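A.B. asks: my questions concern the predicted model and sequence given below.
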Amino acid sequence: MSNIESGFHKRNGVLHIDNISLTNVAKKYATPCYVYSASVIRKQYKALKSALEQALPADKQPLLCYACKANSNIAIIKILKNLGSGLEIVSEGELARGLKAGFSGKQIISTSFGKSDAEIKACLKADILQFNIESPDELYSINTQAKNMGKTANVAFRLNPNISGGGHSKISTGRKDDKFGNTKEDILKLYEIAKEMQHLNPVGVSIHIGSQIVQSDAFKPGFERLADLVKTLRSAGHKVTHLDIGGGFPINYNNEILLNLNEYAKLVRDIILPLDTQIQMEPGRYMVGNAGILLTKVQYIKQTPSKKFAVLDAGMNDLIRPTLYDAYHDISPVIDHNKGKRIYDVVGHICESGDIFNKNHEIATLHKGDLVVIKSVGAYGFSMASNYNSRPLPAEILIDGNKICTIGKAQSIDELMIRENIPDWL
Ligand SMILES: Cc1ncc(COP(=O)(O)O)c(C=O)c1O
């Protein structure tokens, strides 16, 4: 990649990813489409890895299990695999994607909530590294399926530490009223039960308190509770060999001051390392979030008595984060011009008042047909897209230096209806 500026940058006033201009991408692939930068994903992975390498001994390096709910495109998963990552999955579908991308079961952790029998069987068949347990009944289901298949499953118990973490209430997962995790008291009981089950091997505990956590201090109380739990389990005679310390690392949406990775790594060194276990982590958003944009076109400019709307050819069906989480995503034109700035409500094409990408957004004056990008949508963007309003799913494009490839085809109108059927009595 010599002589190529990597990642997102402007060249002659036109937004590029690596060596490829987004105007050319729009011409070739149509809009809306997600466009990802492989080099940004690699940069993110390496920055986290290097902070951990500096703080922790070589034989205690955490297994970074990419949480592929953030972006489960098999090409994206493959980039992470090639970097040496493990994989965190939450469904049979994500397991299938991981296997297709070349992961072996031993690199995969399931943190799925409400694991179905079919999913448990598929995970056992793949000999995954570990099941993180969300509720007591799961233990029985996993033991039964493992017995039927003549296998033994490693299980770790997710702690609910009763801590609030993360950038929005809907992405905070560790408070006592959240559905996730188990209390310390329950985990002590569950460890005992699992020890008696012939086809389970209780190996440790896990935690994940939320997403988009910008302060390293926010991780501290959770780690301390995890350490306290490990000590209690050990003094009750249990073996604790694996600790999964979760994900939650933030990305840049709106010039936030981001988590200092070195401070985070020091926290792991000070609190988790002395427990002498294999350490696992589950970063999702951090790996891919800043690596993706949604490339879209201004369909119309609409002026009402009180507002100027820029109506895009994308909608909340393509990107639901602003509607679901009030998430901020910067929006900017692909081509710079000097026609001054204006304030718009930048909205989508879906028939919902809530289909707003960015309210009162100051941006260079827009016209029908202008290309704009919605930024930082590589995580929880396409993976949360839907067919609402019978809008087809957009294409996904990967750029890597001089190379460009469709890694997800745009859906056609015919494909929208392919799974449906009109009964012959109608
Ligand atoms: C158990 C678990 N691990 C990891 C993640 C990934 O979180 P993030 O994308 O914030 O790193 C999530 C997100 O929901 C999760 O529920």
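C.D. replies: Sure, I can see it.
A.B. asks: where does the stretch 201-350 of the chain come near the ligand, residue by residue?
C.D. replies: 208, 211, 246, 247, 248, 249, 282, 283, 284, 285, 286 (CB under 6 Å from any ligand atom). Just so you know, the C-beta spots here come from the backbone N, C-alpha and C atoms, and that holds for glycine as well.
A.B. asks: regarding this structure, what is its longest helix?
C.D. replies: Secondary structure assigned by DSSP state H gives helix 38-55 as the longest helix of the chain.
A.B. asks: what comes up buried for that one?
C.D. replies: 38, 39, 40, 41, 42, 44, 45, 48, 49, 51, 52, 55 (16 or more other CB atoms under 10 Å).
A.B. asks: confidence-wise, which of the residues of the stretch 201-350 of the chain next to the ligand comes last?
C.D. replies: Lowest in pLDDT among those is residue 211, which has 87.
A.B. asks: surely that one and residue 283 touch.
C.D. replies: No - in this structure, residue 211 is not within contact of residue 283 by CB atoms under 8 Å, at 9.9 Å.
A.B. asks: give me the common contacts of those two.
C.D. replies: By CB atoms under 8 Å, 6 or more residues apart in numbering, residue 211 and residue 283 have these common neighbours: 247, 248.
A.B. asks: how far away is residue 44 from residue 127?
C.D. replies: 29 Å (CB to CB, to the nearest Å).
A.B. asks: got a list of contacts for the helix or strand hosting residue 88?
C.D. replies: Using DSSP states H and E, residue 88 falls within strand 86-89. Residues outside strand 86-89 that contact it (CB under 8 Å, 6+ apart): 63-69, 77, 80-81, 95, 97-98, 103, 107-112, 129, 247, 280, 282, 284.
A.B. asks: contacts only, for whatever residue of the stretch 1-150 of the chain ends up closest to the ligand.
C.D. replies: Residue nearest to the ligand within the stretch 1-150 of the chain: residue 67 (3.6 Å; CB to the nearest ligand atom). For residue 67, the contact set (CB under 8 Å, 6+ apart) comprises 88, 90, 111, 247, 282, 283, 284, 285.
A.B. asks: what's the answer for residue 306, then?
C.D. replies: Counted by CB under 8 Å, 6+ apart, residue 306 has zero contacts.
A.B. asks: that one: which element?
C.D. replies: Per DSSP H and E: nothing holds residue 306, as it lies in no helix or strand.
A.B. asks: and the pLDDT at it?
C.D. replies: As predicted, residue 306 sits at a pLDDT of 96.
A.B. asks: next up, phi/psi of it, please.
C.D. replies: Per-residue torsions, residue 306: phi -110, psi -10 (degrees, to the nearest 10).
A.B. asks: now do the spatially closest residue to residue 236 that is not a sequence neighbour against the ligand, distance only.
C.D. replies: Leaving out its chain neighbours, the residue that sits closest to residue 236 by CB to CB, 6 or more residues apart in numbering is residue 188, at 6.5 Å. The gap separating residue 188 from the ligand is 21 Å, by CB to the nearest ligand atom, to the nearest Å.
A.B. asks: can you give me the strands in the stretch 51-200 of the chain?
C.D. replies: Ranges of strands in the stretch 51-200 of the chain, per DSSP state E, counting those that start in this stretch, are 63-67, 86-89, 108-110, 130-133, 153-158, 200-206.
A.B. asks: can you give me the strands in the stretch 251-400 of the chain?
C.D. replies: Using DSSP E, counting those that start in this stretch, strands in the stretch 251-400 of the chain cover 278-281, 292-303, 308-312, 331-333, 341-347, 356-364, 371-374, 395-400.
A.B. asks: turn the ones you listed into JSON lines, columns for distance to residue 155 and mean neighbour count.
C.D. replies: Shown next, in JSON lines, are the strands of the stretch 251-400 of the chain (distance: least, CB to CB, whole Å; neighbours: other CB atoms under 10 Å):
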{"stretch": "strand 278-281", "distance to residue 155": "13", "mean neighbour count": "22"}
{"stretch": "strand 292-303", "distance to residue 155": "34", "mean neighbour count": "21"}
{"stretch": "strand 308-312", "distance to residue 155": "46", "mean neighbour count": "20"}
{"stretch": "strand 331-333", "distance to residue 155": "44", "mean neighbour count": "19"}
{"stretch": "strand 341-347", "distance to residue 155": "46", "mean neighbour count": "18"}
{"stretch": "strand 356-364", "distance to residue 155": "42", "mean neighbour count": "17"}
{"stretch": "strand 371-374", "distance to residue 155": "40", "mean neighbour count": "24"}
{"stretch": "strand 395-400", "distance to residue 155": "35", "mean neighbour count": "23"}
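A.B. asks: residue 377: what's it in contact with?
C.D. replies: By CB under 8 Å, 6+ apart, the neighbours of residue 377 are 34, 289, 292, 293, 294, 319, 321, 329.
A.B. asks: next one: residue 192
C.D. replies: 236, 238.
A.B. asks: name the residues that touch stretch 400-412?
C.D. replies: With contact meaning CB under 8 Å, 6+ apart, stretch 400-412 is reached by 1, 4, 6, 18-20, 25, 29-30, 33-34, 36-39, 73-76, 382, 387, 392-398.
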